[in-house]
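Novice: sequence and predicted structure, then a few things I'm wondering about:
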Amino acid sequence: MRELWERYRGVVLYVVFGVVTTAVNQIVYTVCYQFLAVPNVPATVLAWVLSVAVAYLTNKLWVFRSRSFRPAVLWPELGKFAAARGLTGLLDLAVMFVCVDVLGGPGPAVKLASNALVIVLNYVFSKRLIFKKY
């Protein structure tokens, strides 16, 4: 059992913290969009900012076990993380704009589908480019 845990620990923790991050994203978006009447795009951006902060900390500390906060480690890592999440954030924003604002789809349902795509891409970026040493 220990061998299985060590082999798949990163993936399991990524999924667990991915659920947490997705919940933050979904809840912030839904509260802003449906209950506070914040327009779709600003609600999407706010949800993205908060969920990226949660994702960075959980990915750094627990998923990929990057424990160093020395500037020589932190800044390059944070820069790559922000760039990758920025790309997937733009993809999320495009999906939300087209599917909700242009096509009239239901915001929270579209957000959930968009998050699924973004989660997969974020894992690939994190595993292959950002925290590849860990």
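Specialist: Sure thing, it's come through. Owing to the predicted nature of the structure, the values given are computational and were not obtained by experimental measurement. Numbering: from 1, shown residues only.
Novice: in the lengthiest helix in the chain, what's buried?
Specialist: Using DSSP state H, we find that the single longest helix of the chain is helix 2-30. For helix 2-30, the neighbour count (16 or more other C-beta atoms under 10 Å) marks 10, 13-14, 17-18, 21-22, 24-26, 28-30 as buried. C-beta here means a position set from N, CA and C on the backbone, and glycine is covered the same way.
Novice: now swap in stretch 30-42 and tell me
Specialist: Those buried within stretch 30-42 under the rule 16+ other C-beta under 10 Å are Thr30, Cys32, Tyr33, Val38, Asn40.
Novice: how about stretch 62-71?
Specialist: So stretch 62-71, judged by 16+ other C-beta under 10 Å, has buried residues Val63, Phe64, Ser66.
Novice: which one of those residues sits closest to Phe125?
Specialist: Phe64 (11.8 Å; C-beta to C-beta).
Novice: contact partners for that closest one?
Specialist: Gly10, Ser126, Lys127, Ile130, Phe131, Tyr134 (C-beta atoms under 8 Å, 6 or more residues apart in numbering).
Novice: dump the residue contacts of the third one.
Specialist: In this structure, Lys127 makes contact with Gly10, Phe64, judged by C-beta under 8 Å, 6+ apart.
Novice: need the pLDDT of it.
Specialist: We have a pLDDT of 80 for Lys127.
Novice: how much space between it and Leu121?
Specialist: 11 Å (C-beta to C-beta, to the nearest Å).
Novice: and which of the buried residues of stretch 62-71 is nearest Pro76?
Specialist: Nearest member of the buried residues of stretch 62-71 to Pro76, counting by C-beta to C-beta, is Ser66, at 11.0 Å.
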